[in-house]
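[1] any chance you can model this:
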Amino acid sequence: MPVPPTSGRLQWNDIPAPLRARLEDALGAPVIDAVTPQGGFGHQLAAALHLADGRRVFAKAAPDNDPLTAANLREAAVLDTLPPDVSAPQLVGIHRAADWTAVVIAHLDGPHPDLSPPSVDVEQVWAHLGRLTSSPAPAPYATAVGTAPSTAPLHGWGELLSDPPGDLARAARDRLPQLAELEAAWPDLACGDRIVHGDLRADNMVRDRHLGVTFVDWAHATTGPACIDATSLAPQLILAGHSPADIDRMLHEHPATSSNPDATTAFLAALTGHWHRNARRPAPPGAPGLRAYQHRAAAAGLALLGHRLR
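    Here you go, the predicted structure:
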């Protein structure tokens with residue numbers, strides 16, 4: 001397996017020639033350009049492939065012994081079983097050569113959505129989440145994602161409680177026992193029967209000019225309580241400029257989170273503790289911006305918890 005690039009993604013020319021040839025044969029045209037979108041933290045190829053006949057597709061590729069290949073194949077299985085009314089791209093195909101695997105997905109034409117306060121994109125995302133969690137996940141999807149809720153192992157406050165770092169924010173330090181208690185309660189609340197994207201951020205969405213805001217990167221999809229995606233998106237909205245008070249109000253009003261406020265708060269505490277803990281670790285290879293992002297997300301999550309725990 002090649003060493004992940006320290007500066008970010010693999011590029012098209014890093015992919016073995018046999019796999020590039022296999023893709024071009026399957027797609028029916030040569031690849032004349034490959035554009036890597038901004039955002040994301042993985043080291044694999046993740047690029048829009050421009051074909052000589054004018055078409056475009058999106059491809060992810062990595063060696064077969066890279067953990068990201070298993071994640072890509074899981075995403076492919078998820079995309080193949082999502083209900084048609086879920087806002088997600090279509091799976092085009094899976095191709096293998098030279099001990100590498102590529103997953104090809106329909107290309108979406110547009111930028112990441114604008115999640116800042118004046119944008120109508122937030123309303124569209126919030127509406128998608130309402131539809132996504134309004135009914136139980138279909139059986140084929142549940143089979144594709146398995147039975148273990150991927151968000152259950154989130155933790156951090158318990159570890160920080162036993163040895164608080166000197167740079168821990170006062171707002172966290174003053175509430176460490178309470179935050180650790182909420183975090184410990186989350187695994188018992190993590191089970192549910194709703195579709196969960198599991199990694200919802202602006203860079204995992206595209207505002208397609210035909211489809212509107214569409215959720216992409218379904219590798220972390222699972223089943224769980226309805227509150228997970230709306231709650232994990234909440235700190236992202238604060239980072240985009242919304243006030244913690246406004247986001248707390250939105251959580252109290254949205255059907256995915258208002259129906260189970262205790263699970264919402266416990267998950268937010270677990271996720272924020274996970275960010276606080278991991279932000280202090282060395283940066284992993286191929287993800288140079290990850291720790292800085294986790295620091296920002298942890299601060300936003302803590303600000304939101306400050307409103308929910310009053």
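
[2] when you work out contacts or count neighbours from here on, use the C-alpha atoms and nothing else.
    Will do.

[3] pairing partners for Leu51 in the sheet, please.
    Val31 (DSSP bridges).

[4] contact partners for it?
    Applying C-alpha atoms under 8 Å, 6 or more residues apart in numbering to Leu51 gives the contacts 29-33.

[5] buried among these? Need that as a selection in ChimeraX.
    The following ChimeraX line selects those of the contacts of Leu51 that are buried, judged by 16 or more other C-alpha atoms under 10 Å:
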select :30,31
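
[6] so which of the contacts of Leu51 comes closest to Leu10?
    Among these, Asp33 lies closest to Leu10 (C-alpha to C-alpha), at 14.2 Å.

[7] can you tell me the closest non-neighbouring residue to Phe58?
    Nearest residue to Phe58, sequence neighbours excluded (C-alpha to C-alpha, 6 or more residues apart in numbering): Ala48, at 4.4 Å.

[8] brain fart, Leu161
    Leu176 (5.9 Å).

[9] where does that neighbour land on pLDDT?
    With respect to pLDDT, Leu176 scores 96.

[10] correct me, but it touches Glu159?
    No: in this structure Leu176 lies outside contact range of Glu159 using C-alpha atoms under 8 Å: 10.1 Å.

[11] could you measure from Thr265 over to Ala171?
    16 Å (C-alpha to C-alpha, to the nearest Å).

[12] picking that back up, can I take it that the residue nearest to Phe58 is in a strand?
    Yes: under DSSP: H, G, I helix; E, B strand; the rest coil, Ala48 falls within a strand.

[13] ok, it touching Ala61?
    No: judged on C-alpha under 8 Å, Ala48 makes no contact with Ala61 at a distance of 11.8 Å.

[14] ok, the two, which is more surrounded?
    The neighbour comparison of Ala48 against Ala61 (other C-alpha atoms under 10 Å) goes to Ala61, with 27 against 24.

[15] show me what the more buried one bridges to in the sheet.
    Residues in a beta bridge with Ala61, per DSSP bridges, are Leu45, Ala102.

[16] just the pLDDT for it.
    97.

[17] which of Thr265 and Ala171 has more neighbours?
    Between Thr265 and Ala171, Thr265 has the larger neighbour count (other C-alpha under 10 Å), namely 23 against 13.

[18] before we move on, the earlier item: what about the residue nearest to Leu161, how many residues nearby?
    For Leu176, using other C-alpha under 10 Å, the count is 19.

[19] next up, phi/psi of it, please.
    phi -50, psi -50 (degrees, to the nearest 10).

[20] list the contacts of Leu10.
    Contacts for Leu10 (C-alpha under 8 Å, 6+ apart) come out as 4, 43-46.

[21] Gln11 versus the closest residue to Asn260 other than its chain neighbours, what's the distance?
    Leaving out its chain neighbours, the residue that sits closest to Asn260 by C-alpha to C-alpha, 6+ apart is Cys227, at 7.3 Å. The gap separating Cys227 from Gln11 is 36 Å, by C-alpha to C-alpha.

[22] what do you get for Val31?
    13 Å.

[23] same check on Leu161?
    For Leu161 relative to Gln11 (C-alpha to C-alpha), the value is 42 Å.

[24] likewise Ala269?
    For Ala269 relative to Gln11 (C-alpha to C-alpha), the value is 37 Å.

[25] low-confidence stretches in the stretch 201-310 of the chain?
    By pLDDT under 70, the low-scoring segments of the stretch 201-310 of the chain are 286.

[26] can you give me the helices in the stretch 51-200 of the chain?
    Using DSSP state H, counting those that start in this stretch, the helices of the stretch 51-200 of the chain run over residues 67-79, 121-132, 139-145, 157-162, 170-173, 176-189.

[27] for the protein, what spans make up the strands?
    31-35, 45-51, 56-63, 91-97, 100-106, 194-196, 205-208, 212-215, 222-224 (DSSP state E).

[28] who wins for proximity to Gly241 among those?
    The nearest among these, by C-alpha to C-alpha, is strand 205-208 at 17.8 Å.
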